[in-house]
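K.L.:
model the structure of this input:
(2 chains)
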Number of protein chains: 2
Amino acid sequence: MASDYSCNAVKLDSINPKVLECEYAVRGEIENLAQKLQEDLNVSPNSHPFNEITYCNIGNPQSLGQQPITFFREVLALCDHPALLDKAETKGLFSADSIKRAFTILDQIPGRTTGAYSHSQGIKGLRDAICVGIEARDGWPADPNDIFLTDGASPAVHMIMQLLIRSKNDGILCPIPQYPLYSASITLHGGTFVPYYLDEAAGWGLEISELNTRLETARSKGIHVKGLVVINPGNPTGQVLAERNQQQIVDFCKKESLVLLADEVYQENIYVHNRPFHSFKKVARSMGYGEKDISLVSFHSVSKGYYGECGKRGGYMEVTGFGREIRNQLYKLASVNICSNISGQILTSLVMNSPKVGDESYECYATERDAILSSLARRAKTLEYAFNSLEGVTCNRAEGAMFMFPCIDLPNKAIEAAEAENTAPDAFYARCLLNATGIVVVPGSGFGQVRGTWHFRCTILPREDEIPTIVSHLKQFHNAFMNEYSN
Amino acid sequence: MASDYSCNAVKLDSINPKVLECEYAVRGEIENLAQKLQEDLNVSPNSHPFNEITYCNIGNPQSLGQQPITFFREVLALCDHPALLDKAETKGLFSADSIKRAFTILDQIPGRTTGAYSHSQGIKGLRDAICVGIEARDGWPADPNDIFLTDGASPAVHMIMQLLIRSKNDGILCPIPQYPLYSASITLHGGTFVPYYLDEAAGWGLEISELNTRLETARSKGIHVKGLVVINPGNPTGQVLAERNQQQIVDFCKKESLVLLADEVYQENIYVHNRPFHSFKKVARSMGYGEKDISLVSFHSVSKGYYGECGKRGGYMEVTGFGREIRNQLYKLASVNICSNISGQILTSLVMNSPKVGDESYECYATERDAILSSLARRAKTLEYAFNSLEGVTCNRAEGAMFMFPCIDLPNKAIEAAEAENTAPDAFYARCLLNATGIVVVPGSGFGQVRGTWHFRCTILPREDEIPTIVSHLKQFHNAFMNEYSN
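P.N.:
Numbering: from 1, shown residues only, chains lettered A, B, ... in the order given. Prediction:
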């Protein structure tokens, strides 16, 4: 930060206490240390025992060398600079179906430009295309009026929390461990975070008995529990829910009148054959439940999947079972920010309605997609074995998403050393790992964990050819750490 | 909206009352009617006494045919699809400086891709470029650590309101008339909107005596007033503040320890020679005031100016005089949403650091820019004369921005007719205008106005060749309306 002079207009004790209270560990202390080390290395490449920072902390694949899907970027470039569409040379530079798709999309935009504000829910033709994709995925109808296009999933989550939460007496059930956007958003909107614990020993299983217990406890304290967050595939846990489990969750929400907030942003990131992704809407509809049985919000994003287009800030939520009056309120909230960015809207329509067999781009598209997904699956497997080979470390397999969440049985001496530095033991481990190897992970305390257990979140995103080196550095560090702090 | 069946999980009486209370008239009742009429015309072109809807309600120039600046779009397309940079044909399709700029920008992005999340304040190299632009504009230094890149100005305004407002006891001084983002954001964050009135008779002048009176009144009610919003050039009023007036405002904020929230998104939209734009930071620094004298936030956006890139959702705020601890809280808020969209970030850097004399693109760029700005100035003049020629209508000149805010002296019979329909008289006028001509304006009640006066906001954005027809339809309607409701 620039300078520490400031006038008296704003002081820490007079700003919004909810902002002070809010925590977001994914970009917290360890990330700041990584930035500092990066700056050191830029100035003096030999200042640390490693040559580069290895970012395993954030699900940001393209920052680590993953290439964007060609077809998607062709369409985006043509839509942004449609003068190209009139040029003869363009046919040699772009695929025929990207040109066709760009024309189709521009025809759907009033003014035929990505530079105009759209309808507050997003361009109607793009919402239509997204619904085609949802219907192909689920086998159940989707309505473009149910789609709200957003700048990534985060603003959509904030919008729903803002709608639902009145005060500290309103609660939202969230998994532990969780992606800390949820705790941050609930805190910022003044509500109560009601935790339920995933069962690590059962592969991060979600037990209905646990949900029941936590709901009853919250209600006994006077908390009006309004929604249940389920992250499937899981972040930071990587588990994929079984369909039977999803049916139980749907029944629980229906019985208890909870809004089911389904974070389904990793729906394309599945690495095991026995756990296909099922959307909660498909599960609910397959059980015979319609609009009047369950209120459901499904969040999706272009940041994840095989595309990993984080910087585009595109995404949508599909909102069903809310009724006209509530939907009007959501529309009003969306309209206060006018609309989400149009390139993100276009990209969202592309990932939900990608090239089909017979399209000129299909082969290239499918090759790029499959290469990324199969490589991610191999990386997940390699890291799973590596973590489980470390002394005192156990790690569930990553069935989906982009993360591993290994558990470390830290020696007492390490815990004492951490306490002496006034640091959580897992943050202490993560900091030692970073200082020794340049590998950045996020301490488990940022996501929540059973008291007395310690974890960290590690992405599976570094380039595949770098994984062996990372594993080797990790093992070397871990052995040295365990030796140093052995009881 | 799709259907009105819904389950019991969410009801109107159990959602956040701040959401219910919030109003955003720019996309309110009249906009909804316009959408309905548009749908009617799509189905049956002769269903209304006009062939098309004429959108004068929203500052959305490209939706009305304004073309994007070629250089900006070249750079965006190349950054999104950098494979083009390696192709021989590209030199024939793109200007040399757009290719050079794309290389420079990609070099500044970790991973060299627009698909990666950036630093939560935005890509450092782009913030550097923005600071170059601010320094050239102001003649005073700018610090990239002070820049927060955002998805347009709206999320930046929300972020500051979220930071400053604790409860209904915290207030923000805002102009009347105002852009309703401010009232909406203050309501959503639970604060108190403290109005001050611009003096319509003095060309929408901002009087310090008025600020003093309103501040004292609010304080006497126990309101802790934390900030002052100034929109310069004005929305919906179109006035540009004189430098002397800005100095008084700076002194007022300094003396009263108020954060000066300077909405400067129309800084490039100036149509008169005697009122150049001065940023509040330049004014404050020229008075000898530094970081410790005044807390200042300047909001800017790519949606306005001669570029009008609304759909890109790019913008920044420059935050000075806040001190490290508060800045850390702002950084945390930015990091919860991870980052703003990268194309918007790039475009923001381009508008703040556009082609210079000698660059291959310069002539084309300057021609496009000047054509847009001079045409906007002519349109503003034509509409000013037209409004002032109408019976009972007076209208200040638009010195800047994109709007006129004429005052209509409505006959009592019209007011009674409106009351009979339970509608504000200016909304009644706007609805009659829309139904008769297809012209969409926003009723003044959405922006606030002196009690008993009636206005509407009309943009100057329809294509210049359409303005005579619009004026003619407007006159015809207005005469008929005044005849029908004459006292």
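
K.L.:
quick check: residues of the stretch 151-300 of chain A near chain B?
P.N.:
Contact residues, the stretch 151-300 of chain A versus chain B (Cβ under 8 Å from any Cβ of the partner chain): A:151-152, A:154-155, A:158, A:162-166, A:181, A:184-185, A:188-189, A:224, A:226-227, A:253-254, A:257-259, A:290-295. Where you see a C-beta, it was placed from the backbone N, CA and C, and this is true even at glycine.

K.L.:
switch to 7 Å and redo it
P.N.:
Applying Cβ under 7 Å from any Cβ of the partner chain, we find that the stretch 151-300 of chain A lies next to chain B at A:151, A:154-155, A:162-166, A:181, A:184, A:188, A:257-259, A:291-295.

K.L.:
give the pairing partners of the helix or strand A:K226 falls within; include direction for each.
P.N.:
Element membership for A:K226 (DSSP states H and E) is strand A:224-231. Here strand A:224-231 has these sheet partners by DSSP bridges: strand A:170-176 (parallel), strand A:259-263 (parallel).

K.L.:
so which of these gets nearest A:N422?
P.N.:
strand A:170-176 (23.3 Å; Cβ to Cβ).

K.L.:
in that closest one, what's buried?
P.N.:
A:170-175 (16 or more other Cβ atoms under 10 Å in any protein chain shown).

K.L.:
hmm, who's touching it?
P.N.:
A:164, A:182-183, A:186, A:191-198, A:211, A:214-215, A:218, A:223-229, A:231, A:448-449 (Cβ atoms under 7 Å, 6 or more residues apart in numbering or on different chains).

K.L.:
that older thread, dump the strands paired with strand A:224-231 to CSV, plus mean pLDDT.
P.N.:
Output for these, formatted as CSV (pLDDT from 0 to 100):
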stretch, mean pLDDT
strand A:170-176, 98
strand A:259-263, 98
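
K.L.:
list the buried ones in the longest helix anywhere in chain A?
P.N.:
In chain A, with assignment by DSSP state H, the single longest helix is helix A:362-388. For helix A:362-388, a neighbour-count test (16+ other Cβ under 10 Å) marks A:362, A:365, A:368-369, A:372-373, A:375-377, A:379-380, A:382-384, A:386-387 as buried.

K.L.:
figure out how far it is from the centre of its chain.
P.N.:
Distance of helix A:362-388 from its chain centroid, counting by Cα atoms, centre = their mean, to the nearest Å, is 18 Å.

K.L.:
nearest spatial neighbour of A:P406, chain-adjacent residues omitted?
P.N.:
A:C395 (3.8 Å; Cβ to Cβ, 6 or more residues apart in numbering or on different chains).

K.L.:
my guess is that neighbour meets A:S389, correct?
P.N.:
No - A:C395 lies out of contact with A:S389 (Cβ atoms under 7 Å); the separation is 9.8 Å.

K.L.:
which one of those two has more residues nearby?
P.N.:
A:C395 (22 against 13; other Cβ atoms under 10 Å in any protein chain shown).

K.L.:
how about the helices in the stretch 351-487 of chain A?
P.N.:
For the stretch 351-487 of chain A, the helices defined by DSSP state H, counting those that start in this stretch occupy A:362-388, A:412-420, A:425-437, A:467-484.
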